[in-house]
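A.B. asks: Quick one, fold the following:
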Amino acid sequence: MGPDTETPLVEIRECRLEDFDGVFPLLRQLWPESNIDPEKMRDIYLRLLEAATSHVFCALSGGRITGFCDFYVRDSLWQQGKLAYVDELVVDESMRGRGTGAALLEYAAGTARDLGCSRIELDSAFHRTDAHGFYDNQGWQRRAFLFGKDLT
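C.D. replies: Residues are numbered from 1 along each chain as shown. Predicted coordinates:
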């Protein structure tokens, strides 16, 4: 995996079980309108930490968790190899615009490259226009629409 990445403002490292209490408030910021069950979220977080295909890491500033990102790796017929897919990326509202998100994306891309991935992707909801501008500025290309269907 990629080495720990550090800038003057932020340290990026793999998440640990004990980091959940710092990560959870960030997930609430990511989905402020959702009713999030902390125990269900903790169970999923633990499974992500244990899954061989998942990579979960956080950004720390002054010893406090200020960012979170996770991605998984899968085989892709389209890429004829491994593809990394970012599921969540969130930076604490008080830290946005200071390089934390860029450091998280750089760490994710470097780790994915080290794992043999030829591409990394993510999706972003239509209403997250600030995030779209951020990804554009980071050199990510708009490639497709995401379609989904509830099964419950």
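A.B. asks: Check which helices and strands the longest helix anywhere in the chain sits against.
C.D. replies: When the chain is scanned for its longest helix (criterion: DSSP state H), the result is helix 100-114. Under the contact criterion of 3 or more CB pairs under 8 Å, 6 or more residues apart in numbering; DSSP states H and E, helix 100-114 touches strand 5-6, strand 11-14, strand 54-61, strand 64-76, strand 81-91, strand 117-122. Glycine gets a C-beta too; all of them are placed from N, C-alpha and C.
A.B. asks: ok, of those strands, where does mean pLDDT dip lowest?
C.D. replies: Note on the helices and strands packed on helix 100-114: lowest mean pLDDT is at strand 5-6, with a mean of 51.
A.B. asks: What separation do you get for residue 32 and residue 109?
C.D. replies: Between residue 32 and residue 109 the distance is 27 Å, computed by CB to CB, to the nearest Å.
A.B. asks: Check residue 38 too.
C.D. replies: Using CB to CB, residue 38 is found at 30 Å from residue 109.
A.B. asks: Looking at these two, which is more packed in?
C.D. replies: residue 109 (20 against 13; other CB atoms under 10 Å).
A.B. asks: Please name the nearest non-neighbouring residue to that one.
C.D. replies: Spatial nearest neighbour of residue 109, excluding adjacent residues (CB to CB, 6 or more residues apart in numbering): residue 120 at 5.3 Å.
A.B. asks: Show me which parts of the longest helix of the chain are buried, residue by residue.
C.D. replies: For helix 100-114, burial by neighbour count (16 or more other CB atoms under 10 Å) applies to 100-101, 103-112.
A.B. asks: repeat for stretch 33-43
C.D. replies: Applying 16+ other CB under 10 Å to stretch 33-43 flags no residue as buried.
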